[in-house]
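[1] here is a sequence with its predicted model. Questions after.
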Amino acid sequence: MRRIAVIGGGASGMTAAIAASDPQNDVIIYERNDRVGRKILATGNGRCNMTNINADINNYYGKNPDFIKGAMSKFWVNETIDFFERLGILSREEDNGKIYPYSGQASAVLDVLRMKLDQTGVTVKTKYEVKSVQKNKNGFTLTFYNGETAYADKVIIASGGCAAPDLGSTGAGYDILRKFGHTITELKPSLVQIKTDAETVKKLKGIKLRARVILGGYSEYGETLFTEYGLSGPPVFSLSAKLSGQKEIALDMMPEYSAEELVSMLYARITENPECTLESFLVGMLNKRVGQVLLKSIGIEPLSRSADTLSHEEITRLADTIKNWRFNIRGTMSWNNAQVTKGGADTSEFDPETMESRLVKGLYATGEVLDIDGDCGGYNLQWAWSSGYIAGVSARQN
Ligand SMILES: Cc1cc2nc3c(=O)[nH]c(=O)nc-3n(C[C@H](O)[C@H](O)[C@H](O)COP(=O)(O)OP(=O)(O)OC[C@H]3O[C@@H](n4cnc5c(N)ncnc54)[C@H](O)[C@@H]3O)c2cc1C
């Protein structure tokens, strides 16, 4: 019997173990938590956005997103939906191609994976945290924090990245891979809130609005939240995947109207109610507080002025700012708030068809530990299932 050790019982590790199991292989998952798949339970707000029917190369980032082509040709969205259907998960498509289990429970996804691990005879060792991995003449020695060691012919590193450490991620996989000579690219939180200059946003803390959020050439529409440190909400999360040195993020708070239409609208308001103070001038168009803070932030003060004192230049400035309210970016929130890791093990050092290291035979890496991250919407789990499955099949066959 050959022994295949999988480090990490998350999305990619469990898939890898299932794909690796056959009568010739003794497959063992070592998981540092007291149970496998804790992160899966938290995905999609407890509903698990398992994949996305639109998943394509354009949804992925890293030094070389083309690396995912190997996975796309072998085990991609349709194969994933089939795989889970055979395990018992009926799925359903929601907005923007997002796929969820029909039952609406992330726990269902974890349940069927655990049942399959059981049926295929995979051994699951929880509370086993791998400290180091060494290569020997014929295989590998794993050393655990509890002092034990174990032998394996092949090792699949599926220990995730640095995001959401409370769910098990420690970044340990990067250290293990570094010791084997692998390059780890710069690591950053992604799918995370964006920090901006706090002065303006903190005055609006807690206010939500539906806006188009703009980051460089990208934009996303949806519920956006002002916080004391910056901006949050689904559009901000999604755009954080595309952060690459942009200095500003902007809000279009009335995307249905052009700036010219807004100018006419503002003039009409002045005609209707010339003595209205600026304090209430935007009421009914924008959240009252947002309107007040916006006016002050572009120097249209004092708010006790009446609307008919606004100059044409002030009116156009106001309309332009409603369409494009810009904030300086000051980074992102931390790993605790992030859903995924941007960066990771350099994919040029792995075979895209098998996930095997090009530096160390018998060593594989899957999921978030590799330098691949995806958009918000099921793309990251898709990468975890695909890379895990391919690594498992390859470890079983070769
Ligand atoms: C709150 C939240 C919601 C999300 N929602 C979605 C979603 O709806 N759709 C989507 O596509 N993606 C979502 N993601 C992202 C997705 O969950 C991850 O990209 C994916 O789980 C990565 O899979 P992985 O196998 O690489 O790592 P993980 O799933 O993180 O698994 C790694 C496992 O390795 C274990 N481990 C770590 N170090 C060691 C060690 N030294 N020894 C032994 N075990 C170790 C960890 O405890 C963990 O169980 C979400 C993430 C978060 C945090």
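    Now that the structure is in, tell me what you want to look at. Numbering: from 1, shown residues only.
[2] what are the ranges of the helices in the stretch 201-350 of the chain?
    234-240, 259-272, 278-281, 288-297, 312-323 (DSSP state H, counting those that start in this stretch).
[3] nearest to residue 339, out of those helices?
    Closest of the helices of the stretch 201-350 of the chain to residue 339 is helix 234-240, at 7.4 Å (criterion: CB to CB). Bear in mind the C-beta positions are built from the backbone N, C-alpha and C, glycine included.
[4] sorry, back to before: the ligand: which of the helices of the stretch 201-350 of the chain is closest?
    If you check each of the helices of the stretch 201-350 of the chain against the ligand by CB to the nearest ligand atom, helix 234-240 wins as the nearest, at 10.0 Å.
[5] what does the closest one rub up against?
    189-194, 211-213, 215, 218-225, 249, 332, 339, 375-377 (CB atoms under 8 Å, 6 or more residues apart in numbering).
[6] hmm, try it at 7 Å
    Contact with helix 234-240 is made by 190-194, 213, 215, 218, 220-224, 332, 375-376, as judged by CB atoms under 7 Å, 6 or more residues apart in numbering.
[7] now do that helix: distance to the chain's middle.
    Helix 234-240 sits 9 Å away from the centroid of its parent chain (CA atoms, centre = their mean, to the nearest Å).
[8] stretch 24-31 too?
    On CA atoms, centre = their mean, the centre of stretch 24-31 falls 28 Å from that of its chain.
[9] distance check, residue 148 against the ligand.
    12 Å (CB to the nearest ligand atom, to the nearest Å).
[10] how about the residues of the chain that lie near the ligand?
    Proximity of the chain to the ligand, by CB under 6 Å from any ligand atom, involves residues 7-13, 30-33, 38-39, 42-44, 48-49, 129-130, 158-160, 163-164, 167-170, 172, 339-340, 367-368, 378-381, 384.
[11] returning to what we had before: columns mean pLDDT and mean neighbour count on top of the helices of the stretch 201-350 of the chain, output as a markdown table?
    Listed next are the helices of the stretch 201-350 of the chain as a markdown table, based on pLDDT from 0 to 100; neighbours: other CB atoms under 10 Å:
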| stretch | mean pLDDT | mean neighbour count |
| --- | --- | --- |
| helix 234-240 | 96 | 23 |
| helix 259-272 | 98 | 15 |
| helix 278-281 | 97 | 19 |
| helix 288-297 | 98 | 19 |
| helix 312-323 | 98 | 17 |
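[12] what's the closest non-adjacent residue to residue 281?
    Ranked by CB to CB, 6 or more residues apart in numbering and with sequence neighbours excluded, the top spatial neighbour of residue 281 is residue 307, at 5.0 Å.
[13] and the one you found, how far from residue 143?
    Going from residue 307 to residue 143 by CB to CB, to the nearest Å gives 72 Å.
[14] residue 129 too?
    Separation of residue 129 from residue 143 (CB to CB) stands at 10 Å.
[15] same thing with residue 157?
    Residue 157 is 14 Å from residue 143, by CB to CB.
[16] higher neighbour count, the two?
    residue 157 (32 against 14; other CB atoms under 10 Å).
[17] any idea what that one is bridged to?
    For residue 157, the beta-bridge partners are residue 7, residue 365 (DSSP bridges).
[18] do the same with residue 126
    residue 31.
[19] how close does it sit to residue 146?
    From residue 126 to residue 146 the distance is 12 Å (CB to CB).
[20] out of those two, which sits in the busier spot?
    Between residue 126 and residue 146, counted using other CB under 10 Å, the more crowded position is residue 126 (14 against 9).
[21] could you list every residue that touches that one?
    31, 33-36.
[22] next: residue 81.
    Counting by CB under 7 Å, 6+ apart, residue 81 has contacts 51, 91, 99.
[23] JSON lines for those residues, including pLDDT, secondary structure and neighbour count?
    Converted to JSON lines, those look like this (pLDDT from 0 to 100; DSSP: H, G, I helix; E, B strand; the rest coil; neighbours: other CB atoms under 10 Å):
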{"residue": "51", "pLDDT": "98", "secondary structure": "strand", "neighbour count": "29"}
{"residue": "91", "pLDDT": "97", "secondary structure": "strand", "neighbour count": "18"}
{"residue": "99", "pLDDT": "98", "secondary structure": "strand", "neighbour count": "26"}
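[24] how about the contacts made by the residue of the stretch 101-250 of the chain found nearest the ligand?
    Nearest residue of the stretch 101-250 of the chain to the ligand (CB to the nearest ligand atom) works out as residue 168 at 2.2 Å. Neighbour list for residue 168: 32-33, 38-39, 160 [criterion: CB under 7 Å, 6+ apart].
[25] can you name the two of those residues that sit furthest apart?
    Once CB to CB is applied, these give 32 and 39 as the farthest pair, at 12.2 Å.
[26] comparing those two, which residue is more hemmed in?
    The neighbour comparison of residue 32 against residue 39 (other CB under 10 Å) goes to residue 39, with 24 against 19.
[27] in what helix or strand does the more buried one lie?
    Assigned by DSSP states H and E, residue 39 belongs to helix 38-42.
[28] what packs against that helix?
    helix 106-119 (3 or more CB pairs under 7 Å, 6 or more residues apart in numbering; DSSP states H and E).
[29] of all the residues in the helix it packs on, which ones are buried?
    Within helix 106-119, the residues scored as buried using 16 or more other CB atoms under 10 Å are 106, 108-114, 116-117.
[30] contacts for it, please.
    By CB under 7 Å, 6+ apart, helix 106-119 touches 14, 17-18, 36-37, 40-41, 43-44, 46-48, 50, 84, 87-89, 101, 124.
[31] pull out the buried residues from those residues.
    Here the buried ones among those, as counted with 16+ other CB under 10 Å, turn out to be 14, 17-18, 36-37, 40, 43-44, 47-48, 50, 84, 87, 89, 101, 124.
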